[in-house]
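In: attaching a predicted model along with its sequence, questions to come.
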Amino acid sequence: MNDTLVMVGTRKGLWIGRSDEARREWRWTGPHFPMNDVYSCMIDTRGERPRLLAGASSSWVGPQVWRSDDLGETWQETPNGAVRFPEDAEASVDRVWQLVPGVGDDVVYAGTEPGAIFKSTDRGETFELERGLWDHPQRPEWNAGFGGQAFHTILPHPTDPAKVLAAISTGGVYRTEDGGESWRASNTGVKAEFFPGDRTYPEFGQCVHKVTRHADAPDLLYLQNHGGVYRSEDDGETWQDIAPGLPSEFGFPIVVHPHDPDSVYAFPIIDAGARWPVDGHARVWRSNDRGKSWAALGEGSLPDEYYVAVMRDALCVDTHDTHGLYFGGRNGGVWASPDAGETWTEIHKDLPDVCVVRAAVI
């Protein structure tokens, strides 16, 4: 089948949309997990049938990773919570910010608040803390961003299971090359303009918003910072500024083209003090040359009176030959383009505050 599945996590539940390859008409179910914060979700297409994962946080019973093997008709949970700190860590999970597939059919990673990474080897049913990162000597100096402290980016290397790149707000980019036994900060060239004096480019402490890469070029990375957009061509060892050409260097999401590692998408907003697009024009910006130049997408079909932000995980792509683009705003609207960003349609509206959008071909 070449159906399209979209998961939309919000501050008050999860919605699931389904369409065919044309992606013009959508059927929706939801809310799943009503009145739960759903900051993370994942469509795992590696098995015989897709598995959906959702990180839902209840104010009554806390966070849980739920799973469904029937496209959301029914959901299962792990008793006492799938993601939990061991007792000696003296911490508790406030929220699951990230769910991503690892290398291997059954590996899943979760990023949490407070800043930690957990690994599952059973497709998200149980998780264990990555102690090498949790016990890192720099961890006590990580701060919380405006939205909290969380590992919101986890990028397993597609050909080397020992390598993982992760990013936290605020702390910056960290990398392991030994399967998580040790981690080191990797922020050379990324600024932290909120630090005084000569600390503008510190070893760590940057407020990274998102990092992305393509499996066909795993050493090529793109990063959206609190202030700045960057490219790395050496797996995160060093970073180069690629913000010139964008209307603003501030934003939250950044997403790579599903078939072309040289093409990347961003959603710039004015700055930390005015978190909406420049001039109120909702536009997805695309570069086809690794960030050397940029062009706006959505003129004529995306709104020009749009004064909301798109959060770090609320912009995504699918993998159709002519790929689709999707984003959700904090006003509860979800927009989709079935033609790689040329034309757009609002496929859902009036949802709660959108935190995450994920799409896949099933």
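Out: Structure's in. What do you need?
In: so where do the helices sit in the protein?
Out: Secondary structure of the chain (DSSP state H): helices located at 131-134.
In: and for the nearest residue in space to Asn288 that is not next to it in sequence, the neighbour number?
Out: Once flanking residues are discounted, Asn288 sits nearest to Ser263: 4.9 Å by CB to CB, 6 or more residues apart in numbering. The way it works is simple: take the backbone N, C-alpha and C, and place the C-beta from them, glycine included. For Ser263, the neighbour count with other CB atoms under 10 Å is 18.
In: show me the contacts for Ser263.
Out: 256-257, 286-288 (CB atoms under 8 Å, 6 or more residues apart in numbering).
In: now the buried members of those residues.
Out: By neighbour count, with 16 or more other CB atoms under 10 Å, the contacts of Ser263 hold 256-257, 286-287 as buried.
In: shouldn't Gly251 be in contact with Gln224?
Out: Yes - counting by CB atoms under 8 Å, Gly251 touches Gln224, with 5.3 Å between them.
In: give me the common contacts of the two.
Out: 209, 266.
In: related to what we said a few turns ago, next one: the residue nearest to Asn288 from Asp304, what distance?
Out: Using CB to CB, to the nearest Å, Ser263 is found at 25 Å from Asp304.
In: check which residues of stretch 86-100 are buried.
Out: Of the residues in stretch 86-100, 91, 93-100 count as buried by neighbour count, 16+ other CB under 10 Å.
In: which residues touch the residue nearest the centre of the chain?
Out: Nearest to the geometric centre of the chain sits Asp313, at 3.5 Å (CA atoms, centre = their mean). Asp313 is in contact with 39-40, 98, 152, 210, 253, 355-358, counting by CB under 8 Å, 6+ apart.
In: repeat for Thr126
Out: Thr126 touches 78, 82, 120, counting by CB under 8 Å, 6+ apart.
In: what about the last one, how many residues nearby?
Out: Going back to what we said before, that points to Ser120. 23.
In: who is it paired with across the strands?
Out: Counting by DSSP bridges, Ser120 is bridged to Val108.
In: for the closest residue to His259 other than its chain neighbours, give me its contacts.
Out: Nearest non-adjacent residue to His259, counting by CB to CB, 6+ apart: His323, 6.8 Å away. With contacts defined as CB under 8 Å, 6+ apart, His323 is in contact with 257-259, 317, 340.
In: try it again with 6 Å
Out: 258, 317, 340 (CB atoms under 6 Å, 6 or more residues apart in numbering).
In: got phi/psi on it?
Out: Backbone torsions of His323, given as degrees, to the nearest 10, read phi -70, psi 160.
In: report pLDDT for it.
Out: pLDDT for His323: 98.
In: again, but for Phe146
Out: Note for Phe146: predicted pLDDT of 83.
In: before we move on, what about Pro79?
Out: Note for Pro79: predicted pLDDT of 94.
In: next: Glu203.
Out: Model confidence at Glu203, expressed as pLDDT, equals 96.
In: spatially nearest residue to it, not counting backbone neighbours?
Out: Excluding the flanking residues, the one nearest Glu203 by CB to CB, 6+ apart is Ala185, at 5.2 Å.
In: returning to that earlier point: between the contacts of Ser263, which is nearest Ser19?
Out: Using CB to CB, His257 comes nearest to Ser19 of these, at 20.6 Å.
In: could I get the phi/psi values of the closest one?
Out: Here His257 shows phi and psi, under degrees, to the nearest 10, equal to phi -60, psi 140.
In: look up how far Glu128 lies from it.
Out: Distance, His257 to Glu128, using CB to CB: 34 Å.
In: now do Arg11
Out: In this view, Arg11 and Glu128 are 29 Å apart by CB to CB.
In: these two: which is more packed in?
Out: Arg11 (17 against 12).
In: how close does that one sit to Arg199?
Out: Taken as CB to CB, the span from Arg11 to Arg199 is 34 Å.
In: which ones are touching Leu297?
Out: Contacts here follow CB under 6 Å, 6+ apart; on that basis Leu297 touches 284, 286, 341.
In: counting neighbours, what do you get for Gln240?
Out: 12.
In: so what pairs up with the nearest residue to it once chain neighbours are set aside in the strands?
Out: Nearest non-adjacent residue to Gln240, counting by CB to CB, 6+ apart: Arg231, 5.3 Å away. Beta-bridge partners of Arg231, counted by DSSP bridges, are Tyr222, Gln240.
In: so Arg231 versus Thr176, what's the distance?
Out: Going from Arg231 to Thr176 by CB to CB gives 21 Å.
In: could you do Gln138 as well?
Out: Counting by CB to CB - Gln138 and Thr176 are separated by 14 Å.
In: and the two? which has more neighbours close in?
Out: Neighbours were counted for Gln138 and for Thr176 using other CB under 10 Å; Thr176 has more, 20 against 16.
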